[in-house]
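>>> Coordinates only, no sequence provided:
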């Protein structure tokens, strides 16, 4: 209590910190200047966990919209922070642009969140971690994993991002393909793992399956990251244990022809959502793994939509419409609401995350020249 007396507070220190743990990150950032004990307390694992768990329990979600505008070569990706206040209809509050990542439609998918942290990457060896709450940004070092010397081209493919609770470490797993001029039909596949604690990459033995996935949804669930994959017997699910650093496989709940399927974190459980490839009306079936696969629900006949993008607090479903607008469908009322956000086809993502004080040993957004501007 001695250190806190400078603030004029007569409350016990434990109670003061309990109250502070319920405040948004923006307020806590300002309050670091109140006194040194507060500033130090905000950086302890106990306080960081307490603050994050409070937001999880109360479902205090933030929304980040990613889109793309322009042509496929010179177009730019951008982010909008959307308002989640009641009655504001997810209006855009602030716009972000990240110059570190180049131009072009196939760059900058968003992976995560994991404890409030996002992982961004392109397909040209650039990977970064980002805490949008604290505005900390970390560019990951280039991998030192050796590539086959005769390869003429290397592509960096699907990526997974998660947390190792045993070592308190954040890890990035990505797949790398090396191509050869003399044998273009037999590329070399590698997997490599980055550790934030060691700030380095290492090679991981692959499972011998082909990953064919993209980060439409967050697929990190309780220490495991999941990908859509293909093996000798057809489609399957590939998982990676962030603690043991081992791959394993899982069968799909059902196999349907002419249907897309996507993996996602649904309320802390692994889910698979199916929808038809064709048609002007879409239905959506959600299956959840909880010891075994169980169908959670079916949403029938939603007109004028292309893709599911994510679930909101009360089961509403964010979707990309046929004219590439962000829309929200409420299954209980059958209402389809246009949220006024547009992006080029297949470039739209919506990410719901809980605020976090977790540090990623990076630099401020200002130092990395991330551009903030008021929404139009």
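Okay, I see it. All of these numbers come straight from a predicted model, not from anything done at the bench.

>>> what stretches of the stretch 1-150 of the chain score poorly on pLDDT?
Counting by pLDDT under 70, the stretch 1-150 of the chain contains low-confidence residues at 1-11, 87, 105-107.

>>> now the helices for it?
Using DSSP state H, counting those that start in this stretch, the helices of the stretch 1-150 of the chain run over 13-20, 25-31, 36-41, 45-57.

>>> Same list (those helices) but as CSV, adding mean neighbour count.
C-beta here means a position set from N, CA and C on the backbone, and glycine is covered the same way. Supplementary listing: the helices of the stretch 1-150 of the chain in CSV, determined by neighbours: other CB atoms under 10 Å:
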stretch, mean neighbour count
helix 13-20, 14
helix 25-31, 15
helix 36-41, 16
helix 45-57, 16
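
>>> What does residue 223 show for phi and psi?
The phi/psi pair for residue 223 (degrees, to the nearest 10) reads phi 90, psi 0.

>>> Can you list the buried residues in stretch 362-376?
362, 365, 368, 370 (16 or more other CB atoms under 10 Å).

>>> oh, I was asking about stretch 111-125
111-123.

>>> gap between the two ends of it?
From its first residue to its last, stretch 111-125 covers 15 Å (CA to CA, to the nearest Å).

>>> now it: how far from the chain's centre is it?
Computed by CA atoms, centre = their mean, to the nearest Å, the chain-centroid distance of stretch 111-125 equals 6 Å.

>>> Likewise for stretch 150-158?
Worked out by CA atoms, centre = their mean, stretch 150-158 lies 24 Å from the chain centre.

>>> in it, what's buried?
Residues of stretch 150-158 classed as buried under the neighbour-count rule (16+ other CB under 10 Å) are 154, 156-158.

>>> now stretch 293-313
Buried residues in stretch 293-313, counted by 16+ other CB under 10 Å: 293, 296, 299, 302, 305-312.

>>> thinking residue 269 is in contact with residue 287, fair?
No - with contact defined as CB atoms under 8 Å, residue 269 does not reach residue 287; the gap is 10.1 Å.

>>> of those two, who's got more company?
The neighbour count for residue 269 versus residue 287, taken as other CB atoms under 10 Å, is higher for residue 287 (19 against 15).

>>> Can you give the domain ranges for this protein?
Per automatic domain parsing, the domain ranges recorded for the chain read 3-52, 59-374.

>>> deepest of those, which one?
Between the domains of the chain, domain 59-374 has the highest mean count of neighbours, a mean of 17, where neighbours are mean count of other CB atoms under 10 Å.

>>> pLDDT below threshold where in the stretch 151-300 of the chain?
In the predicted model, the stretch 151-300 of the chain carries pLDDT under 70 at residues 184, 207.

>>> try 90 this time
With pLDDT under 90 as the threshold, the stretch 151-300 of the chain has low-confidence stretches at 151-158, 175-190, 205-218, 229-235, 255-257, 278-281.

>>> residue ranges of the strands in it, please?
Counting by DSSP state E, counting those that start in this stretch, the stretch 151-300 of the chain has these strands, from start to end: 153-164, 169-179, 188-195, 200-204, 210-211, 220-221, 224-231, 234-241, 246-250, 259-266, 269-276, 281-289, 293-303.

>>> quick one: the first one to strand 234-241, angle?
Yep, that's strand 153-164 we're talking about. Put simply, strand 153-164 runs at 60 degrees to strand 234-241, going by axes from the mean of the first three to the mean of the last three CA atoms, to 10 degrees.

>>> From the contact counts, what lies against strand 153-164?
With contacts defined as 3 or more CB pairs under 8 Å, 6 or more residues apart in numbering; DSSP states H and E, strand 153-164 has these neighbours: strand 110-114, strand 117-121, strand 169-179, strand 220-221, strand 224-231.

>>> Residue 238: which of the ones you listed is closest?
strand 224-231 (4.0 Å; CB to CB).

>>> Return the closest of the buried residues of stretch 150-158 with respect to residue 36.
In terms of CB to CB, no member of the buried residues of stretch 150-158 lies closer to residue 36 than residue 156, at 43.2 Å.

>>> contacting residues for that closest one?
Neighbour list for residue 156: 121-125, 174-176 [criterion: CB atoms under 8 Å, 6 or more residues apart in numbering].

>>> out of those residues, who's nearest residue 142?
When the contacts of residue 156 are ranked by distance to residue 142 (CB to CB), residue 125 comes first, at 6.3 Å.

>>> Off-centre distance for stretch 210-229?
On the basis of CA atoms, centre = their mean, stretch 210-229 sits 10 Å off its chain's mean C-alpha point.

>>> again with stretch 329-345
Centre to centre, stretch against its chain (CA atoms, centre = their mean), the figure for stretch 329-345 is 21 Å.
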